[in-house]
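Chemist: kindly return the folded structure for what I paste below:
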Amino acid sequence: MGEEKISPEKLLLEGRTIQFTPVGYSMYPLLVPGRDQAVVAPIGDTVPRRGDVVLYRRIGGILVLHRVWKHKKDGFYMVGDNEKTVEGPLQREQLKGILVAVVRKGRTFSADHILYRAAAGLWLWLRPFRPYVARLLSKCTTRR
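Modeler: Have a look, this model is predicted:
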């Protein structure tokens, strides 16, 4: 017998909080695949603010976990922590959940923790320079 696939969207619509391991490196370095888990609550009436991480569905596409770059009248603009390109506008109905915590090496910490918010804010500010920062970090970590 096959394993039943559970829809994260359905669970969120039921008002349940979900926990999963992100796939891919779009949210690196603040969410590392294979190491970190995202705890996402239903978005409900919450209006995400700059720096919040939101689970959304691309039109006709996949669920994506990215950070709010800005919110304007025409919608929300998102960007992955490991990306330079901003995606949007996304409509409110595309937003399914909001990151409330991160589980790293068995420890859970709030997405509203002051250190996490500070790191996220700094990383958003560095968006135009991320390729240069990544290259510099890569060179520093590969040197012997």
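
Chemist: in stretch 79-94, what's buried?
Modeler: Across stretch 79-94, burial judged by 16 or more other C-beta atoms under 10 Å covers 79-83, 87-88, 90, 94. All C-beta atoms are positioned from the backbone trio N, CA, C, and that covers glycine.

Chemist: could those go into CSV alongside pLDDT and secondary structure?
Modeler: Listed next are the buried residues of stretch 79-94 as CSV, based on pLDDT from 0 to 100; DSSP: H, G, I helix; E, B strand; the rest coil:
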residue, pLDDT, secondary structure
79, 95, strand
80, 93, coil
81, 89, coil
82, 86, coil
83, 88, coil
87, 95, strand
88, 95, strand
90, 97, strand
94, 96, helix
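
Chemist: mind showing which ranges of the chain have poor pLDDT?
Modeler: Within the chain, the ranges that satisfy pLDDT under 70 run 1-3, 134, 137-138, 141-144.

Chemist: most widely separated two among the buried residues of stretch 79-94?
Modeler: Taking C-beta to C-beta, the two most distant members of these are 82 and 94; they sit 21.2 Å apart.

Chemist: let me have the buried residues of stretch 79-94 in JSON lines, adding distance to residue 110 as columns.
Modeler: As requested, those are arranged in JSON lines below (distance: C-beta to C-beta, whole Å):
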{"residue": "79", "distance to residue 110": "22"}
{"residue": "80", "distance to residue 110": "21"}
{"residue": "81", "distance to residue 110": "17"}
{"residue": "82", "distance to residue 110": "22"}
{"residue": "83", "distance to residue 110": "24"}
{"residue": "87", "distance to residue 110": "26"}
{"residue": "88", "distance to residue 110": "26"}
{"residue": "90", "distance to residue 110": "24"}
{"residue": "94", "distance to residue 110": "25"}
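
Chemist: between the residues you listed, which is nearest residue 40?
Modeler: Among these, residue 94 lies closest to residue 40 (C-beta to C-beta), at 14.5 Å.
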